Structures are given as C-alpha cells and as structure tokens.
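Enquirer: this one's structure only:
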C-alpha cells in the first residue's frame, strides 16, 4: 500500500471536486467458486483501492461531502475467526492506515444510511458490475434504487463518476512506478513465449511455459485471461487447445497485475519457425508502421480518435500496397472499410484496471461524455478524447483476416470499391484466409510534451523478433 | 466430458427419485473481477456439471418431472461474438452432447417459467450461493421467492436437495478415476513442497515452487486456495508472508481440480530442517496414530461420527501420554475437552467440490437431515452419518496449539480436570505455544467391505517424511 497521505490527498481532491451528497464506495465481497466458502482470489474494486487502499473483503468506504468526513465501515473479527483465520487487524486500525478517522461496523453503516435517506441527503454511487454489489444496493437501498441506477444514473452519481475518472486518469509518479513494475514482469513473460513456442506444442503449453516467470515473484496475478493463440484473428480468444503447426504465427496478449494491483497489457506476434514468411513479413511491417505512426502522435491535447484514424490509414495504405485494399485510403477509412481487417481500437486506458475504469463507463472514461460512433470498428474504440499528461494507455493496432466476416461482407457487397474480395475468396485467397492476425501492443505514458514507453523494451521489429526466436532454437536443437 | 449416457442416466435416476415439479439448475455466469468483461476463470456449478455436463456460462438446465422432459436453455452466439470469440457451438448441439432433446433461448425459458408459475406447478431449486444466481432468481421468480428460499427451503426444494445428495454422494468408477487423477497430481505437489521448503524462504516461495508441478498439465486448477504455513495452528490461514525459520514445521493443505472438475485435498506436515525435533516427533506420531485409527474403521454402515470420536480419543490419549491432557480420556472427549487441540472435524465428503456438495447444506450432505451437535469442535464436523460404499472422503485429524484459545479457556477455567494448563502457560509452555499445528490428510473411497486410499501414496510416516526432505537437502547443499 501507499503511505496514508496518498489516500488522504486523493479523498481531499475528490471532496474539492464534488460539493455535496454522500459518496459510497462498496468494497467487494469474496466471490464464491462452487460453494460459499470456496472463493476466487480476492480482488478489491479499483475505485475502493484508489481511495481507501485495502485489498480486503466486506468493507464500505464513505465520503460525506456535506460534512467533509470520511468513514470506513466493516465488521471486526471474533474469537472464532481468530481460530480459523489467525489475527486480523481491527476496522479502526485499517481506517487509520489510510488516514480515515471514523470507523464503525456494518450495522452502523445501515443506520447511518437510513438516517441519510430520511433526511433526503443525495446518495452517490458508482455503477455496480458485480452481482454481490447489486445485492448490497438492494439490501441497503432497495430494489427500486438498483433499477433506477441501471436504467439511468442519477445526476449526483454521474458527477461522482466524472470526478473519479478525472482523478484516476492522471497517473502520479508513484503509480507510474507500479505500472512499470508490472510491465517489466510482463515483458519477461512475452520474451519467454517467443523463446518457447514450437510446432507440435499446444497453445496451452506455451502459456504455461511463459507464465512460469510469474512464479518467481510473490503476490502478482494475471491482469486478465491471456490470449495465446495461433488463431490471432479471433480477437478475444481464450481457447488454448490448438496444436501449433510449422509456419504459424503465434499471438500472445497478456499481462500481469503487480502486488499494488497496477496492470500491464502487452501483445506480441511472432513466427513459431523463428523466421517470418514473405507475406507474414509484409503484414507484420504494416502493423508496425501503424504502431509507430500512432506513437509518433502521442502528446497532450491530441484527440486519441485522431491517433486511431492515423493508425487505421497506415493499415489501409499498407493493405492497398499489397493489393488487398484499393481506392482512396482517406475515404476508405472515413467510411470504415478498413475495419474488415482492423475491427477494434488502437488502444485504451490502463492503470488499476487493465481497461482502466471500464466499470465507470466508456462514455466518461474515453469520450468525456460525448457520443460514440456507431460505425463498425470505430464503435469498438474505447478511447477517443484528447490526451492529457499523466494518461497511461495501450497502443495496439493490428491486422486480422476473419474468414466469416470477409464472407459476410463479400456476400453483402460491402465496400466493393475499397476491398479486393477476389484476393480473399476461398478459391484464390487461402493464404489470407488462413493467415490469422497480428498485433503488437505496448504501454505509454503521456508526458508534458509527448509520450514515453513504460517499462523495459520488448522485441518489436522483424529483426528483433526473429533473432530472439532463432537464438533459442539454435540453443535447443 | 463423460459420454452423453452418463448425463442421461443421472437425470433418469433423479426423475425416478423426484416425482413431481420442475427442477431448475441455474448454471453459473461469468464472475467479474474488476469490471464486467474481466472475469475469473469460469467454473460451473457442480450440480449443473453433474446433470448437464457443460462448463460454459449462461446456461439453465431444467428437468420437468411431471412431463419427464429435460431442457437446456441458453442464447446462441451472434456474428459479433464470432469476431470476438470465434466459432461457438449452438445451444442445440450443446443439448445433444448431454442427451437433452429440448433446447431454447433464455427468453423462452422466461415464458416457460411464467406459464409454469401461472399453472401453479411446483418449482424446485437448489440453494443459491452466488450473488449472480440470487439475482437470476429475483429476475425470473421475484424477490419474495428468494427471501422465502433463504428463510426456509420449500418442501419441494428439500426433496430436490436430498435426491441430488443421494446421487452425487455415491461415486461411480468413472468418477473415481477422475478423482484419482487429481490426487496423483496433488501428491506430486506435496512431494515438491517437502523437497523445496528451507529456512530463509517465504511461505509463498514454497507455494510457487510446489505448484510449478501444475504447469506441466493442461486444464487443471487449484481445488481451493492452499494453506501453506509455518503457523499450522491457524486452521484456514491463507497468509503466505512468514519467513521460514530453522526448526519450523511447515503445513501444506492443498489440492487440484482436474480437467473434469473433480477435486483432491491433501495435507502434509514436515520439518523444514528435514529432521523432526523430539517434541515434533511425539506430536506427529499422535496425529498419525489418530489418522490410522480413523482409517481402520472406514467401512459401510459405520457412522463417520464414530470415526471422528475414535480419532479424537487417540489424540486425547496421546496428549495425556505427554502430560498436556489428563483424566479420563472417554469423558474428556465426550465433554469436548480435546477440542482445545483438535477444534475441527476428521474429514468431509469430496468429489466435484473439495467439500462435496457443501452448497446443498451440511445437514443433508453430512447428517442425513439430523440435528448437528453444538459442542465446540464437534460443531465443525462436516460429516457424521453412516458411510456407504461409493463415498469419497478425507481423513485429516490434527493437533493444534492455538495460544489465544488456550488463554481464553484457561482464563475461563474450562475443563481444568482434563487439561494441564500449567504446561501451556506463557511462563512454562513456550515450546507448545510456538509449536504450531500438525495435520495429515488423505482421500479415501468407501468400498463394499472397507476402504481404499485414492491415488498414489504420499509420504506419511516420520521416516518417509524425513528421508524425502533429507534427500533433497543432501543433493542441494
């Protein structure tokens, strides 16, 4: 945990932004796997972590904005707990640890809340995404309150969300250090994957070998379920059952969360034979050009949507150069034709969550409350608003050949002026239809006058990837 | 997955036991970590797995007992899902895979249920333990239904629970083979821990080294969060932060769940110096005697409560022989004096859950509906009823020196006729107060005329433990 001043200052800043009401932070409960007492590894809600620090279950944090008082609510352990779980700190000491002066048990929270509701105080909530938090809202505030919240957020809660986003999106130096720790560990995992993957292995074996690196460090976990596949065109593929074949590209998208719960999120695509084929080289280079074009634009005040458009155009230009696309590139990208090969976004915020603050709503986190495009491809862009110094984000343009989507668009004669479907049809386009997908992903901090990559470097150019992959093969054979 | 006949036969048997009503099996949803789309590893509800096989989210199984029809409800994937998640089987094909003829989407489930409620059909539910299942009950059946269910189970649901327990508690040969696979992997993990732990390491490092064995096998997971500690007297200790000191005992209680989701649950206690001290040897031998005494009794028709009492008496006798307890052993155990050192049970059921069917209620699973003792110690015994051939259970008597509990009982002058508190007081009893705890745990199948240990053997005697621990130390130094 950070020093108590960090949490005191974070709550102080929130109080300066939000003038009135009672801001509730429902901490997480344990999450049962197959019966109440057999639970997944506990993970606190990130906003609770940010303002109240403790990665422990059954806590509720409250900031009373009218009175300017912070509270930590939770139940103390009893003698029976002591036998089963050992010594546990009191709620009072947990509160003190994060600079909170008032602490009490959950019964008292209920009374506090009832009194507040009776006196018509404004209750501010963050959107609940765990069923257990929804049940808590039903318990403490009633089913109607939950329904209201899920249909449309009350004004006071929107203000609350915006205030939390405005704080959490600007990473401090102490947060950056945590993120870089997570990135460094993640880089090692990716290097291990490049060195490990060989034809004949299953994808799962590569995951296991790569993630063995995690076992050298205590108290870290995966920041999300990794994508580790020879079918990189399936964007959120969590299946690891394919056997790797000679000539395959392997795509790893994975990261760790460090002991302070800050995330990393990197992607690497490499040839399992250690050498790219000519086509793999061409397409890899296009994604790399898009990657570099995006990075070159990163700076305060630049709308990230423009960065995405720049990356998209680089991809469209590249695909045109190899004859897969055609026509006017600017027009193609404006209409969304390139999204056949790049149906997702160039990046997203990262911090205490791998998609930072996704629970608070993309519209606030990525769009400053402005409407999002409904165009296929662009609608999957999580971040569009102007960048600020202190933002941490991913850069991850990619190219994907998705046979089902190609066939659907072809049948619909969609964007025939921009796409050379004849190159992609089953009879002629086997090389593309079995190609898969390529994505590189790195993590960047927006600085006062540009951006810098976080953590240690990861192999990225064709030469870097091939030499690392080859090195290992020479050693092992 | 097993062949479809397995699931067909299981549902057939349930239909023979339960004559009327509609039995609902709410499959699990994904369980979010820190935002809706970032989820823990999916794990299906075990009763759903048992009767409907699929380890996939958002499914509902229904057995209409009046009509004798099985249903599988769930939504098919759409084109967008295909882009993000790749090809997914249809609900119809999932249903066929487990021998279910009727399948439909969740809207149709809602209509089916509304119709059933209107025609006053009996709805049978298993007790919900995940918040997401409770929300589903509220969604489909209303808040009142959930409240009723949580206050006291309706008769039809009690019958349903009893029928499920009566089936799941008898393990078939194909289930035994799965459990033995999980035990074998778990044995390797325990052997690795014995070989790895050394003074100067943290407990966490031992966990990481031991569980590296898991990485050699695809599609397995931990059946529960392991206990791995030098403070074995804390019964459900999930803290791994202590640094191992020379002379410590290390207690590992951990197991894996195999790809079919069958569990193992083993405990091992060993000296980190490779050699037990004289006192460690004495107490270890007492727990081992209790362990062997319990195993010797395992057979059909023997109430497991008697097994527990036998183990408890062996512990009390042993503790009397070293002067920690005194007086009449039978009387001491009847009154519960020994529970100061053995406050938990001798074992529990094991199968698709590590505490098998714990979600269905201990009273049905372990007590055949009969009342449970409220005596300290005995109240923590999860299994008391007469054994049957096909039961799989753990045997795990132990001895624990819990200073806070010793001091509490001493202050209350509790059981002064049976406990030599003078041996345990801070001034005189430091050797006991810092001793920790010892537990061995193995998994047994009740056979037609006795019992057999499941999986390959794990070092258990003092000699076996010391030689394995020593072997490694000789090699490494």
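Expert: That came through, no problem. Given the structure is predicted, the values throughout are model-derived calculations rather than measurements.
Enquirer: okay, CA-based contacts and neighbour counts for the rest of this
Expert: Will do.
Enquirer: Burial check on residue A:417, number of neighbours?
Expert: The number of residues packed near residue A:417 is 14, by other CA atoms under 10 Å in any protein chain shown.
Enquirer: just residue A:107 next, same as before
Expert: The number of residues packed around residue A:107, counting by other CA under 10 Å, is 12.
Enquirer: What does the pLDDT read for the residue in chain A sticking out farthest from the centre?
Expert: Going by CA atoms, centre = their mean, the residue of chain A most distant from its centre is residue A:79, 40.6 Å out. pLDDT, residue A:79: 74.
Enquirer: Let me see the contact set for the residue in the stretch 251-400 of chain A that chain B sits nearest to.
Expert: With CA to the nearest CA as the measure, residue A:359 is the residue of the stretch 251-400 of chain A nearest to chain B, at 4.9 Å. Counting by CA atoms under 8 Å, 6 or more residues apart in numbering or on different chains, residue A:359 makes contact with A:127, A:128, A:129, B:34, B:35, B:36.
Enquirer: would you say it is within a helix?
Expert: Yes: counting by DSSP: H, G, I helix; E, B strand; the rest coil, residue A:359 is part of a helix.
Enquirer: one step back: please identify which pair of the contacts of residue A:359 lies farthest apart.
Expert: A:127 and B:34 (11.9 Å; CA to CA).
Enquirer: Tell me which of the two has more neighbours.
Expert: residue B:34 (27 against 18).
Enquirer: Wait, the more buried one touches residue A:43, no?
Expert: Yes: look at residue B:34 against residue A:43 with CA atoms under 8 Å: they come within range, at 7.3 Å.
Enquirer: between those two, what contacts are shared?
Expert: Counting by CA under 8 Å, 6+ apart, nothing touches both residue B:34 and residue A:43.
Enquirer: My read is that residue A:204 contacts residue A:244, right?
Expert: No: using CA under 8 Å as the test, residue A:204 is too far from residue A:244 to be in contact (10.0 Å).
Enquirer: Can you pull the poorly scored residue ranges out of chain A?
Expert: When residues are selected by pLDDT under 70, those of chain A lie in A:472-477.
Enquirer: try it again with 90
Expert: For chain A, residues meeting the criterion pLDDT under 90 lie at A:19, A:77-88, A:142-156, A:208-209, A:211-219, A:234-241, A:273-274, A:369-370, A:469-477.
Enquirer: Kindly state the domain boundaries assigned to it.
Expert: A:4-168, A:173-476 (automatic domain parsing).
Enquirer: Near chain B, which residues of the stretch 1-150 of chain A? Just list them.
Expert: Those residues of the stretch 1-150 of chain A that sit near chain B, judged by CA under 8 Å from any CA of the partner chain, are A:31-36, A:38-41, A:43-46, A:82-86, A:129-132, A:135.
Enquirer: Burial check on residue A:182, number of neighbours?
Expert: With other CA under 10 Å as criterion, residue A:182 counts 28.
Enquirer: who's in contact with the helix or strand harbouring it?
Expert: Secondary structure assigned from DSSP states H and E places residue A:182 in helix A:173-196. By CA under 8 Å, 6+ apart, the surrounding residues in contact with helix A:173-196 are A:206-207, A:209-214, A:252, A:254-258, A:260, A:262-268, A:270, A:272, A:351, A:443, A:454-459, A:465, A:468-473.
Enquirer: which among those are in contact with chain B?
Expert: Applying CA under 8 Å from any CA to the contacts of helix A:173-196, one finds that A:209, A:212 fall near chain B.
Enquirer: I'd like to know which of the contacts of helix A:173-196 are buried.
Expert: Applying 16 or more other CA atoms under 10 Å in any protein chain shown to the contacts of helix A:173-196, the neighbour count classes A:206-207, A:209-212, A:214, A:252, A:254-258, A:260, A:262-268, A:270, A:272, A:351, A:443, A:454-455, A:458-459, A:465, A:468-470, A:472-473 as buried.
Enquirer: which residues in the stretch 1-150 of chain A form helices?
Expert: For the stretch 1-150 of chain A, applying DSSP state H, counting those that start in this stretch gives helices covering A:4-17, A:46-52, A:79-85, A:91-97, A:106-118, A:131-141, A:143-151.
Enquirer: So which of those is the most surrounded?
Expert: helix A:46-52 (a mean of 23; mean count of other CA atoms under 10 Å in any protein chain shown).
Enquirer: Report all helices and strands that that helix contacts.
Expert: helix A:4-17, strand A:22-26 (3 or more CA pairs under 8 Å, 6 or more residues apart in numbering or on different chains; DSSP states H and E).
Enquirer: Not counting its own residues, what contacts that helix?
Expert: Residues contacting helix A:46-52 (CA under 8 Å, 6+ apart): A:7-8, A:10-11, A:25-27, A:54-55, A:61, A:98, A:164, A:168, A:352-353, A:357, B:34.
Enquirer: No more questions from me, cheers.
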